[in-house]
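Student: mind looking at a prediction? Sequence and model below.
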Amino acid sequence: MKSVTIGDRQVGPIGLGTWHMGDQPQIRSQEIKALQTGLDAGITVIDTAEMYGEGRSESLVGEAIQPFKREDLYLISKVYPWNASKTQLPISLDHSLKRLETDYLDLYLLHWSGDVPLEETVLALETAKAAGKIRDWGVSNFDTADMEALWRIPGGDRCVTNEVLYNLGSRGIEYDLKPWMQRQKLPVIAYSPIAQGDSLGDDFLANKLLQDIAAAHHVSIFQLLLAWSIREGQTLAIPQSGSADHVLDNLKAADLVLTEAEWQALAKAYPKPTQKQPLAML
């Protein structure tokens, strides 16, 4: 299985997303089982945020990881932009750590750019890192200009990743953002890597090309889309699933190998952008 390097840590190319998880008490046990099934199968990364259910997702993750050795996991959470000040970020971080029932995060992300000056946020993140409460920090939903602005700030180049929307139907970052990140040796964390219907078209499950390629490899279209997102070995994909079976299906996508002709057919049907596009966000 390929690995992705984030900072000085190598992780598998598929993690566990948790957006919308923890919101429905009636399926809490099912969602915990899904996360634990993924961890039992060798997934190490769990991605969450204080925004997800206003902390309910973090609490769910905190309960799910209790049977596992903390050092074997790679926990990611995110701070609201309005909580990213030198006074508020430490408070938000402590709340996240308490909900996650852990002493530190492997990665802490600024969820998107806001009104707090980036210089102040970088200082707050570096202070948290020096205190041992986070191992690394990064950003989310930053476009190329945002990343360039971050790099001009003292310490801004200590950012280790950018988490953005990326899938076969949303390739906008490939015009300039992804190449810029590659030059800086920054991996992409792809949220919603199993494309939404509105980005591939509402009938994407009936698409003959996707059907034919998936059938040739005895996989689902969803597994094919996930395999596409991690094809280059520089992307960590974090699909969300509250089903244990779906989590295991997602993991199998890491081993899917397509022919060059199949890759080219997908590229022709869903081409990379030829001009700048606004950063896609959900």
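Tutor: Arrived safely.
Student: what about the helices in the stretch 51-200 of the chain?
Tutor: Under the criterion DSSP state H, counting those that start in this stretch, the stretch 51-200 of the chain contains helices at 56-64, 89-100, 118-130, 144-151, 177-183, 197-200.
Student: in the helix or strand that the shortest one is followed by, what's buried?
Tutor: Yep, that's helix 197-200 we're talking about. Sequence-wise, the next helix or strand downstream of helix 197-200 (DSSP states H and E) is helix 208-216. Within helix 208-216, the residues scored as buried using 16 or more other Cβ atoms under 10 Å are 210, 213-214. C-beta coordinates here come from the backbone N, C-alpha and C atoms, glycine included.
Student: check the average confidence over helix 208-216, would you?
Tutor: For helix 208-216, mean pLDDT rounds to 96.
Student: the helix or strand following it - what's its average pLDDT?
Tutor: Once the chain leaves helix 208-216, the next helix or strand it forms, by DSSP H and E, is helix 221-229. Helix 221-229 shows a mean pLDDT of 95.
Student: elements contacting helix 221-229?
Tutor: helix 208-216, strand 235-237, helix 244-252 (3 or more Cβ pairs under 8 Å, 6 or more residues apart in numbering; DSSP states H and E).
Student: which other helices and strands contact the shortest one?
Tutor: This points to strand 235-237. strand 4-6, strand 188-191, helix 221-229.
Student: could I get the ones you listed as CSV with distance to Lys272?
Tutor: Shown next, in CSV, are these (distance: least, Cβ to Cβ, whole Å):
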stretch, distance to Lys272
strand 4-6, 20
strand 188-191, 14
helix 221-229, 12
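Student: any chance of a markdown table for the ones you listed, columns mean neighbour count and distance to Asp23?
Tutor: Converted to a markdown table, those look like this (neighbours: other Cβ atoms under 10 Å; distance: least, Cβ to Cβ, whole Å):
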| stretch | mean neighbour count | distance to Asp23 |
| --- | --- | --- |
| strand 4-6 | 20 | 28 |
| strand 188-191 | 25 | 17 |
| helix 221-229 | 24 | 22 |
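Student: quick one: low-confidence ranges for the stretch 51-200 of the chain?
Tutor: 196-198 (pLDDT under 70).
Student: run the last query once more with 90
Tutor: Applying pLDDT under 90 to the stretch 51-200 of the chain flags the ranges 194-200.
Student: so what's Glu120 closest to, chain neighbours aside?
Tutor: Residue nearest to Glu120 in three dimensions, not counting chain neighbours: Lys86, with 5.4 Å by Cβ to Cβ, 6 or more residues apart in numbering.
Student: ugh, typo on my part, it should be Gln275
Tutor: Tyr175 (6.7 Å).
Student: what sits against that neighbour?
Tutor: 272-277 (Cβ atoms under 8 Å, 6 or more residues apart in numbering).
Student: farthest-separated two in the residues you listed?
Tutor: Of all pairs drawn from these, the greatest distance, 12.3 Å, lies between Lys272 and Lys276 (Cβ to Cβ).
Student: just to revisit the earlier point, looking at the helices and strands packed on strand 235-237, which is closest to Val61?
Tutor: That would be, of the helices and strands packed on strand 235-237 and by Cβ to Cβ, strand 188-191, which comes in at 15.7 Å.
Student: list of residues touching the closest one?
Tutor: 6, 17, 19, 47, 76, 138, 140, 161-167, 173, 178, 181, 229-230, 234-238, 282.
Student: just stretch 23-36 next, same as before
Tutor: Under Cβ under 8 Å, 6+ apart, the answer for stretch 23-36 is 16, 18, 21-22, 46, 53, 56-57, 60-61, 63-65, 67-68, 241-244, 246-247.
Student: alpha carbons only: can I get that stretch in CSV?
Tutor: Output of stretch 23-36 as CSV, limited to C-alpha atoms (Å, rounded to 0.1, in the frame of the first residue of the first chain):
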residue,chain,number,x,y,z
ASP,A,23,-25.1,14.0,15.1
GLN,A,24,-27.6,11.1,15.4
PRO,A,25,-27.7,9.4,18.8
GLN,A,26,-29.7,6.4,17.4
ILE,A,27,-26.7,5.4,15.2
ARG,A,28,-23.9,6.3,17.5
SER,A,29,-22.9,2.7,18.2
GLN,A,30,-22.9,2.0,14.4
GLU,A,31,-20.6,4.9,13.8
ILE,A,32,-18.3,3.9,16.6
LYS,A,33,-18.1,0.4,15.1
ALA,A,34,-17.3,1.8,11.7
LEU,A,35,-14.4,3.8,13.0
GLN,A,36,-13.1,0.9,15.1
